[in-house]
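**Student:** Fold the following for me, if possible:
(one chain, ligands or ions: 1)
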Amino acid sequence: MNCQEIGQLMSLSLDEALTADEACQLQIHLDRCQSCQAKWISMERVSQLFADAPLVPPPTGFAARASQRLAQREARRRGVLGGVILFMGTISLTVLALPAIIGAFMTLGQLFSYSPLLSHGLQLILKLISIGRPLVKAGWLTITALLFSPSGQPILASYSLAVFALTALWVRLVSGRQRGYQKARLARG
Ligand SMILES: [Zn+2]
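**Tutor:** Sure, this is the predicted structure:
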């Protein structure tokens, strides 16, 4: 057996995985070979060091700091999520309000094209305000609900998520169409 093979036997010996025959061969070689003897002694020492070393405890306050950092990260994540929900809610409210606003402006335009009805302009503006007020109120409610109790409004949150999902679907459809358009352009050269 050469020194390299003996080295493998040394490792096996430290793992207590040697057969009696292999242990005998190792001992015979060690008695003859000084370099393997030196190597064996240092290997045994290192092995002993690892066996004796106590498990090093984490530094004081490590757990507290780690959990604090985790909480900060969670808060940041929740803040981002809240911002996204707020943004989507605002967009959805605007989208919902848009037909009403457009309709009101169209009525206003019609009104001004008929001068006899001009006197009703003030009434229409009042009507617009009465349409706008609940919308503003709803928007304000969304903002306050999300800002001051991000977890306490499951219905609002799920509504916002539904709007978000619809928006995501819409973006996908639009980008898909754009890609199809680009592909068609590329095919045409
Ligand atoms: Zn040797």
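
**Student:** only C-alpha atoms for contact and neighbour calcs from this point on.
**Tutor:** Will do.

**Student:** Could you report the neighbour count for Gln8?
**Tutor:** 11 (other Cα atoms under 10 Å).

**Student:** Could you report the separation of Leu98 from Ala104?
**Tutor:** Noted for Leu98: a distance of 10 Å to Ala104, by Cα to Cα, to the nearest Å.

**Student:** Cys3 reaches Cys36, doesn't it?
**Tutor:** Yes. At 6.8 Å, Cys3 counts as touching Cys36 under the criterion of Cα atoms under 8 Å.

**Student:** Comparing these two, which residue is more hemmed in?
**Tutor:** Cys36 (19 against 14).

**Student:** which bits of the protein sit near the ion?
**Tutor:** Residues of the chain lying close to the ion (Cα under 5 Å from the ion) are Cys3, Cys33, Cys36.

**Student:** Next up, phi/psi of the first one, please.
**Tutor:** With angles defined as degrees, to the nearest 10, Cys3 shows backbone torsions of phi -60, psi -30.

**Student:** Give me the secondary structure label for Pro59.
**Tutor:** Recorded secondary structure, Pro59: coil (DSSP: H, G, I helix; E, B strand; the rest coil).

**Student:** Show me what secondary structure element comes after the longest helix along the chain.
**Tutor:** Criterion DSSP state H: the longest helix present in the chain is helix 62-113. Following helix 62-113 in sequence order, the next helix or strand is helix 121-148 (DSSP states H and E).

**Student:** That following helix vs helix 62-113, what angle?
**Tutor:** Following axes from the mean of the first three to the mean of the last three Cα atoms, to 10 degrees, one obtains 170 degrees for the angle between helix 121-148 and helix 62-113.

**Student:** what pLDDT, on average, does helix 121-148 get?
**Tutor:** This predicted structure assigns helix 121-148 an average pLDDT of 71.
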